[in-house]
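A.B. asks: model the following, please.
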Amino acid sequence: MGSQHYDLLASSADRASSQQLAAHYSDFTIKWATLDWEIRQAHALRRSVFCDEQGIFEKDDIDEIDYEAQVLVAIANHGGWHEKIVGTVRIHQPEEGIWWGSRLAVQHEFRKQVGLGANLILLAVSSAYALGCVQFLAQVQKKNEAFFQRLNWQSQFDLDVRNHPHVMMQADLSEFTPCFQPTSGFVVKSKRRTYMNEVPSPLLYACIAKSATYASAAEVYYAT
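C.D. replies: The predicted model follows:
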């Protein structure tokens, strides 16, 4: 009983610490990576999640896809400044019109806080859609299948990837709107209501509007 009590206290302390860390940042920018430091920190975050935390890879998860993939990032902002990468995913097009998403990772302290993973998925699919995507696929860890299904993805079949159970999934593109400005992306804030800080551009209006659903208890507005 004593150890369970201490485990509960430790768990509560961890949650409080995570909430305090997330609260330090005013908002989070979801965008295509365009700067070297963004890509470097995205790769470092992937190593932390897929090597250190999950043990799927030993020392590094970099592969040949990284040489052709577009990196997407979630950037924690404070006082109007971009401070650090706290989420990432990559997309690539191995054949005309067929896009894949992979290496979705969010820093532990920021999970379930402001919907960063969901919004990275949103921008991944929407930006590929704007570039002529007709099919968007991903090999998703089995434990995340229901999460993706809630985001308008359909399960195809089960498979193992590096001895870990995965599911081949496909995005329902009819539920997404093309996003033509992915290098600017959008911003989410940890509040419940949604608003725009300027007159919505037709290029991003639907993408931003949908992100209000994707961002769990998040406030969404334009990046500048």
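A.B. asks: distance check, the closest residue to residue 152 other than its chain neighbours against residue 121.
C.D. replies: Of all residues not flanking residue 152 in the chain, residue 175 sits nearest, at 3.8 Å (CB to CB, 6 or more residues apart in numbering). In this view, the C-beta of every residue, glycine as well, is placed from N, C-alpha and C. Residue 175 is 12 Å from residue 121, where distance means CB to CB, to the nearest Å.
A.B. asks: who's more crowded, those two?
C.D. replies: residue 121 (27 against 11; other CB atoms under 10 Å).
A.B. asks: that one - that's part of a strand, no?
C.D. replies: No: assessed with DSSP: H, G, I helix; E, B strand; the rest coil, residue 121 is helix; it does not lie in a strand.
A.B. asks: okay, it and residue 36: tell me how far apart.
C.D. replies: Residue 121 sits 24 Å away from residue 36, going by CB to CB.
A.B. asks: show me where the chain has its strands.
C.D. replies: In the chain, the strands defined using DSSP state E lie at 27-32, 70-78, 81-95, 98-106, 135-141, 153-161, 164-171, 186-189, 219-222.
A.B. asks: most neighbours per residue, which of the ones you listed?
C.D. replies: Ranked by mean neighbour count under mean count of other CB atoms under 10 Å, those are led by strand 186-189, which reaches a mean of 24.
A.B. asks: packing partners for that strand?
C.D. replies: If contacts are counted by 3 or more CB pairs under 8 Å, 6 or more residues apart in numbering; DSSP states H and E, strand 186-189 sits against strand 27-32, helix 116-130, helix 205-214, strand 219-222.
A.B. asks: still on that earlier bit, tell me the pLDDT at the residue nearest to residue 152?
C.D. replies: You'll see residue 175 listed with a pLDDT of 96.
A.B. asks: wait, it sits on residue 150?
C.D. replies: No: applying CB atoms under 8 Å as the test, residue 175 and residue 150 come out as separate, 11.3 Å apart.
A.B. asks: anything in contact with each of these two?
C.D. replies: Between them, residue 175 and residue 150 share no contacting residue under CB atoms under 8 Å, 6 or more residues apart in numbering.
A.B. asks: need the contact list for residue 25.
C.D. replies: Applying CB under 8 Å, 6+ apart, the residues contacting residue 25 are 76-78, 83.
A.B. asks: just give the nearest non-adjacent residue to it, would you?
C.D. replies: residue 76 (4.2 Å).
A.B. asks: if I pick that neighbour, what's in contact with it?
C.D. replies: Contacts of residue 76 (CB under 8 Å, 6+ apart): 25, 28, 82-86, 110.
A.B. asks: pLDDT-wise, what's the bottom of these?
C.D. replies: Among those, residue 83 has the weakest pLDDT, 80.
A.B. asks: in this structure that residue contacts residue 41, no?
C.D. replies: No: with contact defined as CB under 8 Å, residue 83 does not count as touching residue 41 (10.2 Å).
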